[in-house]
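Undergrad: The sequence isn't on hand, but the structure is:
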């Protein structure tokens, strides 16, 4: 996954918000299988981190491009 333009950047930000909400809901919800809940939370956190890293990379490239212009 790589954020290459403004549209992808905005979509990535929306996805981060959705994943954060899902993470919060999952962490607060009662679960019949704690192991599955923990694996789900781990997976959500990993995906969240991926999106956040891509957003940060895009922002860094965008700042660099404005400095070079």
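TA: Thanks, I have it. Since the model is a prediction, treat every value here as computed from it, not as a measurement.
Undergrad: can you give me phi and psi for residue 30?
TA: phi -70, psi 140 (degrees, to the nearest 10).
Undergrad: what's around it, how many residues?
TA: 6 (other CB atoms under 10 Å). No exception for glycine: its C-beta is placed from N, CA and C like everyone else's.
Undergrad: can I assume residue 47 is in contact with residue 19?
TA: Yes. Using CB atoms under 8 Å, residue 47 is in contact with residue 19, at 5.9 Å.
Undergrad: Quick check: neighbours shared by the two?
TA: Residues touching both residue 47 and residue 19 (CB atoms under 8 Å, 6 or more residues apart in numbering): none.
Undergrad: For the one helix or strand residue 49 maps to, name the packing helices and strands.
TA: Assigned by DSSP states H and E, residue 49 belongs to helix 34-68. Judged by 3 or more CB pairs under 8 Å, 6 or more residues apart in numbering; DSSP states H and E, helix 34-68 is in contact with helix 6-28.
Undergrad: what helices or strands is the helix it packs on leaning on?
TA: helix 34-68.
Undergrad: in the helix it packs on, what's buried?
TA: Buried residues in helix 34-68, counted by 16 or more other CB atoms under 10 Å: 40, 44, 47, 48, 51, 54, 55, 58.
Undergrad: Need the residues you listed in TSV (columns: pLDDT).
TA: Formatted as TSV, the buried residues of helix 34-68 follow (pLDDT from 0 to 100):
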residue	pLDDT
40	96
44	98
47	97
48	97
51	97
54	97
55	97
58	96
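Undergrad: measure residue 48 to residue 5 for me?
TA: The gap separating residue 48 from residue 5 is 21 Å, by CB to CB, to the nearest Å.
Undergrad: Same question for residue 51.
TA: Taken as CB to CB, the span from residue 51 to residue 5 is 15 Å.
Undergrad: try residue 22
TA: Relative to residue 5, and taking CB to CB, residue 22 is found at 25 Å.
Undergrad: Then residue 45?
TA: 26 Å.
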